[in-house]
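Participant: sequence unknown, structure follows:
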(Lines give C-alpha, C1' and ligand atoms only; values in the text may rest on other atoms or scores of the structure.)
Protein backbone atom coordinates (compact mmCIF):
# COMPACT_ATOMS: atom_id res chain seq x y z
CA UNK A 1 0.00 0.00 0.00
CA UNK A 2 1.31 3.44 -0.96
CA UNK A 3 2.25 5.59 1.99
CA UNK A 4 -0.03 8.57 2.62
CA UNK A 5 1.44 11.98 1.93
CA UNK A 6 2.10 14.06 5.05
CA UNK A 7 0.55 17.50 4.75
CA UNK A 8 1.04 20.46 7.10
CA UNK A 9 -1.68 23.09 7.13
CA UNK A 10 -3.24 25.63 9.49
CA UNK A 11 -6.74 25.65 10.94
CA UNK A 12 -8.34 28.47 8.96
CA UNK A 13 -11.89 27.57 7.87
CA UNK A 14 -13.09 24.84 10.21
CA UNK A 15 -15.87 23.39 8.05
CA UNK A 16 -13.70 23.32 4.94
CA UNK A 17 -10.80 21.82 6.85
CA UNK A 18 -13.03 19.06 8.17
CA UNK A 19 -14.13 18.16 4.65
CA UNK A 20 -10.55 18.46 3.38
CA UNK A 21 -9.40 15.89 5.94
CA UNK A 22 -11.57 13.31 4.19
CA UNK A 23 -8.81 13.23 1.55
CA UNK A 24 -6.31 10.34 1.92
CA UNK A 25 -3.46 12.27 3.55
CA UNK A 26 -1.98 12.52 7.01
CA UNK A 27 -2.80 16.06 8.18
CA UNK A 28 -0.67 17.92 10.72
CA UNK A 29 -2.13 21.04 12.33
CA UNK A 30 0.13 23.38 14.32
CA UNK A 31 -1.34 24.10 17.73
CA UNK A 32 -0.48 27.07 19.90
CA UNK A 33 -1.31 30.72 20.45
CA UNK A 34 -2.78 32.91 17.75
CA UNK A 35 -5.17 32.71 14.83
CA UNK A 36 -4.81 29.54 12.79
CA UNK A 37 -3.25 27.55 15.64
CA UNK A 38 -6.34 25.88 17.15
CA UNK A 39 -5.47 22.44 15.74
CA UNK A 40 -8.20 19.81 16.12
CA UNK A 41 -10.71 22.33 17.44
CA UNK A 42 -13.85 20.95 19.11
CA UNK A 43 -17.09 20.63 17.15
CA UNK A 44 -15.83 18.25 14.44
CA UNK A 45 -15.47 14.48 14.31
CA UNK A 46 -11.80 14.54 13.29
CA UNK A 47 -10.40 11.32 11.90
CA UNK A 48 -7.31 9.41 12.96
CA UNK A 49 -5.41 10.99 10.05
CA UNK A 50 -5.55 14.45 11.68
CA UNK A 51 -2.80 15.26 14.17
CA UNK A 52 -2.13 18.21 16.45
CA UNK A 53 1.51 19.36 16.57
CA UNK A 54 2.78 21.92 19.07
CA UNK A 55 3.83 24.91 16.98
CA UNK A 56 7.31 24.84 18.48
CA UNK A 57 7.87 21.24 17.33
CA UNK A 58 6.74 21.61 13.72
CA UNK A 59 10.31 22.17 12.49
CA UNK A 60 11.35 18.78 13.90
CA UNK A 61 8.90 16.72 11.80
CA UNK A 62 8.99 15.38 8.26
CA UNK A 63 6.34 16.50 5.76
CA UNK A 64 5.78 16.04 2.05
CA UNK A 65 3.90 19.25 1.28
CA UNK A 66 2.98 22.55 2.93
CA UNK A 67 -0.57 23.87 2.39
CA UNK A 68 -1.17 27.58 3.03
CA UNK A 69 -4.76 28.76 3.50
CA UNK A 70 -4.27 32.41 4.46
CA UNK A 71 -1.95 35.22 3.46
CA UNK A 72 -0.61 35.28 7.03
CA UNK A 73 0.43 31.62 6.71
CA UNK A 74 2.38 32.41 3.56
CA UNK A 75 3.99 35.72 4.51
CA UNK A 76 4.67 35.20 8.22
CA UNK A 77 3.82 31.81 9.71
CA UNK A 78 6.07 29.74 7.47
CA UNK A 79 9.09 31.77 8.60
CA UNK A 80 8.05 31.55 12.25
CA UNK A 81 7.52 27.78 12.57
CA UNK A 82 9.10 26.01 9.58
CA UNK A 83 12.75 25.09 9.18
CA UNK A 84 14.70 26.24 6.15
CA UNK A 85 14.52 22.73 4.71
CA UNK A 86 10.74 22.59 5.22
CA UNK A 87 10.35 25.89 3.36
CA UNK A 88 11.92 24.18 0.34
CA UNK A 89 9.19 21.51 0.28
CA UNK A 90 6.43 21.56 -2.37
CA UNK A 91 4.03 24.37 -1.44
CA UNK A 92 0.36 24.82 -2.30
CA UNK A 93 -1.77 27.87 -1.59
CA UNK A 94 -5.48 27.13 -1.09
CA UNK A 95 -7.43 30.27 -2.00
CA UNK A 96 -10.88 30.34 -0.42
CA UNK A 97 -12.07 33.74 -1.65
CA UNK A 98 -12.20 36.00 -4.68
CA UNK A 99 -10.02 39.13 -4.49
CA UNK A 100 -11.16 41.65 -1.89
CA UNK A 101 -9.33 44.77 -3.08
CA UNK A 102 -10.19 45.10 -6.79
CA UNK A 103 -12.36 42.34 -8.25
CA UNK A 104 -10.34 41.91 -11.46
CA UNK A 105 -6.98 43.65 -11.07
CA UNK A 106 -5.63 42.17 -7.84
CA UNK A 107 -2.40 40.19 -8.16
CA UNK A 108 -2.21 37.15 -5.92
CA UNK A 109 0.63 37.36 -3.42
CA UNK A 110 1.64 33.72 -3.96
CA UNK A 111 3.41 34.64 -7.20
CA UNK A 112 5.80 31.71 -7.55
CA UNK A 113 6.08 29.40 -10.60
CA UNK A 114 7.25 26.58 -8.31
CA UNK A 115 4.02 26.70 -6.28
CA UNK A 116 0.42 25.76 -7.05
CA UNK A 117 -2.64 27.86 -6.21
CA UNK A 118 -5.78 25.80 -5.73
CA UNK A 119 -8.99 27.79 -6.06
CA UNK A 120 -12.25 26.50 -4.61
CA UNK A 121 -14.32 27.80 -7.55
CA UNK A 122 -13.77 28.62 -11.19
CA UNK A 123 -15.09 32.11 -10.41
CA UNK A 124 -12.26 32.68 -7.93
CA UNK A 125 -9.62 31.63 -10.44
CA UNK A 126 -11.22 33.82 -13.11
CA UNK A 127 -11.16 36.95 -10.96
CA UNK A 128 -7.66 36.69 -9.49
CA UNK A 129 -4.56 37.75 -11.41
CA UNK A 130 -2.59 34.61 -10.59
CA UNK A 131 0.67 35.91 -12.00
CA UNK A 132 3.25 33.22 -12.73
CA UNK A 133 1.74 30.62 -10.41
CA UNK A 134 0.11 27.53 -11.91
CA UNK A 135 -3.50 27.06 -10.79
CA UNK A 136 -6.08 24.33 -10.31
CA UNK A 137 -9.72 24.34 -9.24
CA UNK A 138 -11.18 21.81 -6.81
CA UNK A 139 -14.92 22.19 -6.47
CA UNK A 140 -16.49 21.91 -3.02
CA UNK A 141 -17.43 18.61 -1.41
CA UNK A 142 -19.67 18.29 1.64
CA UNK A 143 -21.18 15.69 3.95
CA UNK A 144 -24.50 15.83 5.79
CA UNK A 145 -25.88 13.30 8.28
CA UNK A 146 -28.08 10.64 6.76
CA UNK A 147 -31.03 11.69 8.90
CA UNK A 148 -30.94 15.29 7.65
CA UNK A 149 -33.62 15.43 4.97
CA UNK A 150 -35.80 18.29 3.85
CA UNK A 151 -39.23 18.66 5.40
CA UNK A 152 -39.90 22.35 4.69
CA UNK A 153 -42.52 22.43 7.39
CA UNK A 154 -41.67 25.98 8.49
CA UNK A 155 -43.07 28.61 6.10
CA UNK A 156 -39.90 30.68 6.53
CA UNK A 157 -36.51 31.08 4.94
CA UNK A 158 -33.20 30.32 6.64
CA UNK A 159 -30.01 32.39 6.25
CA UNK A 160 -26.63 31.06 7.42
CA UNK A 161 -23.90 33.71 7.65
CA UNK A 162 -21.38 34.15 10.46
CA UNK A 163 -20.95 37.63 11.96
CA UNK A 164 -23.16 39.26 9.35
CA UNK A 165 -23.48 42.39 11.49
CA UNK A 166 -19.74 43.07 11.04
CA UNK A 167 -19.38 42.13 7.38
CA UNK A 168 -21.58 44.71 5.70
CA UNK A 169 -22.58 45.05 2.07
CA UNK A 170 -20.26 42.41 0.63
CA UNK A 171 -22.01 39.71 2.66
CA UNK A 172 -25.41 41.33 2.08
CA UNK A 173 -26.28 42.83 5.46
CA UNK A 174 -28.43 45.52 3.82
CA UNK A 175 -30.16 42.96 1.60
CA UNK A 176 -30.92 40.69 4.54
CA UNK A 177 -32.41 43.58 6.52
CA UNK A 178 -34.49 44.70 3.55
CA UNK A 179 -35.85 41.26 2.76
CA UNK A 180 -36.49 40.39 6.39
CA UNK A 181 -38.97 43.27 6.50
CA UNK A 182 -41.03 41.61 3.75
CA UNK A 183 -40.49 37.85 4.15
CA UNK A 184 -40.17 35.75 7.33
CA UNK A 185 -36.50 34.83 7.69
CA UNK A 186 -34.37 33.32 10.46
CA UNK A 187 -30.63 33.93 10.71
CA UNK A 188 -28.12 31.52 12.25
CA UNK A 189 -24.35 31.64 12.66
CA UNK A 190 -21.73 33.11 14.94
CA UNK A 191 -22.65 36.55 16.24
CA UNK A 192 -26.11 36.55 14.70
CA UNK A 193 -27.73 37.45 18.02
CA UNK A 194 -26.61 41.02 17.24
CA UNK A 195 -29.22 41.06 14.47
CA UNK A 196 -31.91 39.19 16.37
CA UNK A 197 -30.72 35.89 14.96
CA UNK A 198 -30.67 32.47 16.60
CA UNK A 199 -26.94 32.23 17.27
CA UNK A 200 -24.45 29.55 16.31
CA UNK A 201 -25.61 25.99 15.66
CA UNK A 202 -23.07 23.16 15.99
CA UNK A 203 -21.74 21.86 12.68
CA UNK A 204 -23.23 18.38 13.12
CA UNK A 205 -26.62 19.77 14.19
CA UNK A 206 -27.00 22.43 11.50
CA UNK A 207 -28.22 20.20 8.62
CA UNK A 208 -31.20 18.84 10.56
CA UNK A 209 -31.88 22.35 11.85
CA UNK A 210 -32.13 23.99 8.42
CA UNK A 211 -34.02 21.02 6.88
CA UNK A 212 -37.31 22.18 8.40
CA UNK A 213 -37.24 25.56 6.60
CA UNK A 214 -39.09 26.14 3.34
CA UNK A 215 -36.06 27.57 1.51
CA UNK A 216 -32.45 28.70 1.96
CA UNK A 217 -31.72 32.37 1.25
CA UNK A 218 -28.19 33.52 0.41
CA UNK A 219 -27.99 37.37 0.54
CA UNK A 220 -24.26 37.54 -0.26
CA UNK A 221 -23.17 39.82 -3.11
CA UNK A 222 -19.56 38.76 -3.52
CA UNK A 223 -17.82 35.72 -2.12
CA UNK A 224 -16.89 32.19 -2.99
CA UNK A 225 -19.63 29.57 -3.19
CA UNK A 226 -20.55 29.09 0.46
CA UNK A 227 -20.35 25.62 1.96
CA UNK A 228 -23.68 26.30 3.64
CA UNK A 229 -25.29 26.58 0.19
CA UNK A 230 -23.78 23.25 -0.88
CA UNK A 231 -24.93 21.61 2.36
CA UNK A 232 -28.45 23.03 2.01
CA UNK A 233 -28.72 21.69 -1.54
CA UNK A 234 -27.46 18.29 -0.40
CA UNK A 235 -30.21 18.20 2.25
CA UNK A 236 -32.83 19.14 -0.33
CA UNK A 237 -33.58 22.83 0.25
CA UNK A 238 -34.40 25.09 -2.69
CA UNK A 239 -31.89 27.95 -2.92
CA UNK A 240 -32.78 31.62 -3.35
CA UNK A 241 -29.96 34.08 -3.89
CA UNK A 242 -28.27 36.76 -5.95
CA UNK A 243 -27.27 35.95 -9.52
CA UNK A 244 -23.61 36.70 -8.85
CA UNK A 245 -20.32 34.78 -8.49
CA UNK A 246 -20.22 30.96 -8.64
CA UNK A 247 -23.82 30.65 -7.42
CA UNK A 248 -25.04 31.15 -10.96
CA UNK A 249 -23.50 27.78 -11.92
CA UNK A 250 -25.23 25.93 -9.05
CA UNK A 251 -28.79 27.28 -9.10
CA UNK A 252 -31.09 27.01 -12.11
CA UNK A 253 -34.17 29.18 -12.03
CA UNK A 254 -37.36 27.18 -11.64
CA UNK A 255 -35.45 23.93 -11.21
CA UNK A 256 -33.21 24.06 -8.10
CA UNK A 257 -34.22 27.48 -6.80
CA UNK A 258 -34.21 31.08 -7.92
CA UNK A 259 -31.45 33.62 -8.52
CA UNK A 260 -31.91 37.24 -9.59
CA UNK A 261 -30.01 40.52 -9.42
CA UNK A 262 -33.32 42.27 -8.68
CA UNK A 263 -34.05 41.83 -4.97
CA UNK A 264 -37.73 42.68 -5.46
CA UNK A 265 -38.06 39.71 -7.80
CA UNK A 266 -36.41 37.50 -5.18
CA UNK A 267 -38.95 38.64 -2.60
CA UNK A 268 -41.76 37.56 -4.94
CA UNK A 269 -40.05 34.17 -5.42
CA UNK A 270 -39.74 33.66 -1.66
CA UNK A 271 -43.39 34.52 -1.09
CA UNK A 272 -44.36 32.03 -3.76
CA UNK A 273 -42.30 29.29 -2.10
CA UNK A 274 -43.98 30.04 1.22
CA UNK A 275 -47.42 29.84 -0.39
CA UNK A 276 -46.65 26.73 -2.47
CA UNK A 277 -44.84 24.09 -0.37
CA UNK A 278 -45.17 21.45 -3.11
CA UNK A 279 -43.28 23.65 -5.56
CA UNK A 280 -40.61 24.23 -2.91
CA UNK A 281 -40.32 20.48 -2.35
CA UNK A 282 -39.94 19.82 -6.08
CA UNK A 283 -37.15 22.39 -6.36
CA UNK A 284 -35.47 20.93 -3.30
CA UNK A 285 -35.55 17.40 -4.72
CA UNK A 286 -33.88 18.69 -7.88
CA UNK A 287 -31.31 20.54 -5.78
CA UNK A 288 -30.51 17.39 -3.83
CA UNK A 289 -29.98 15.35 -7.00
CA UNK A 290 -27.72 18.04 -8.42
CA UNK A 291 -25.69 18.39 -5.24
CA UNK A 292 -25.26 14.63 -4.87
CA UNK A 293 -23.29 14.69 -8.10
CA UNK A 294 -21.41 17.98 -7.99
CA UNK A 295 -20.61 18.19 -4.27
CA UNK A 296 -20.09 14.54 -3.40
CA UNK A 297 -17.38 14.14 -0.78
CA UNK A 298 -15.74 11.17 -2.54
CA UNK A 299 -15.28 13.20 -5.71
CA UNK A 300 -13.83 16.04 -3.63
CA UNK A 301 -11.40 13.76 -1.78
CA UNK A 302 -10.30 12.10 -5.03
CA UNK A 303 -9.67 15.49 -6.66
CA UNK A 304 -7.44 16.49 -3.76
CA UNK A 305 -5.59 13.16 -3.92
CA UNK A 306 -5.00 13.59 -7.64
CA UNK A 307 -3.97 17.25 -7.55
CA UNK A 308 -1.68 17.06 -4.52
CA UNK A 309 -0.19 13.71 -5.52
CA UNK A 310 0.57 14.92 -9.03
CA UNK A 311 2.06 18.19 -7.81
CA UNK A 312 4.33 16.52 -5.26
CA UNK A 313 5.45 13.90 -7.77
CA UNK A 314 6.34 16.57 -10.36
CA UNK A 315 8.21 18.58 -7.74
CA UNK A 316 10.54 15.73 -6.84
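Facilitator: Happy to help now that I have it. Quick caveat: nothing in here was measured; it's all calculated off a predicted structure.
Participant: Which secondary structure element is home to residue 94?
Facilitator: In the assignment (DSSP states H and E), residue 94 maps to strand 91-95.
Participant: which other helices and strands contact that strand?
Facilitator: Applying 3 or more C-beta pairs under 8 Å, 6 or more residues apart in numbering; DSSP states H and E, we find strand 91-95 packed against strand 65-68, strand 116-119. Bear in mind the C-beta positions are built from the backbone N, C-alpha and C, glycine included.
Participant: Now do the strands in the chain.
Facilitator: All strands of the chain, identified by DSSP state E, fall at 6-9, 26-31, 50-54, 65-68, 91-95, 116-119, 135-137, 154-160, 185-188, 213-218, 239-242, 257-260.
Participant: so which of those is the most packed in?
Facilitator: strand 213-218 (a mean of 28; mean count of other C-beta atoms under 10 Å).
Participant: report the angle between the axes of it and strand 154-160?
Facilitator: Calculated by axes from the mean of the first three to the mean of the last three C-alpha atoms, to 10 degrees, strand 213-218 forms an angle of 30 degrees with strand 154-160.
Participant: hang on, the earlier thing: ok, which of the helices and strands packed on strand 91-95 comes nearest residue 289?
Facilitator: With C-beta to C-beta as the measure, strand 116-119 is the member of those nearest residue 289 (25.7 Å).
Participant: Tell me how many other residues crowd the closest residue to residue 121 other than its chain neighbours.
Facilitator: Excluding its sequence neighbours, the residue lying closest to residue 121 (C-beta to C-beta, 6 or more residues apart in numbering) is residue 246, at 4.1 Å. Residues near residue 246, counting by other C-beta atoms under 10 Å, number 20.
Participant: just to revisit the earlier point, wait, which of the helices and strands packed on strand 91-95 is closest to residue 160?
Facilitator: With C-beta to C-beta, the closest approach to residue 160 among these belongs to strand 116-119: 22.4 Å.
Participant: What strands line up against the closest one, and which way round?
Facilitator: Strand 116-119 sits in its sheet next to strand 91-95 (parallel), strand 135-137 (parallel), going by DSSP bridges.
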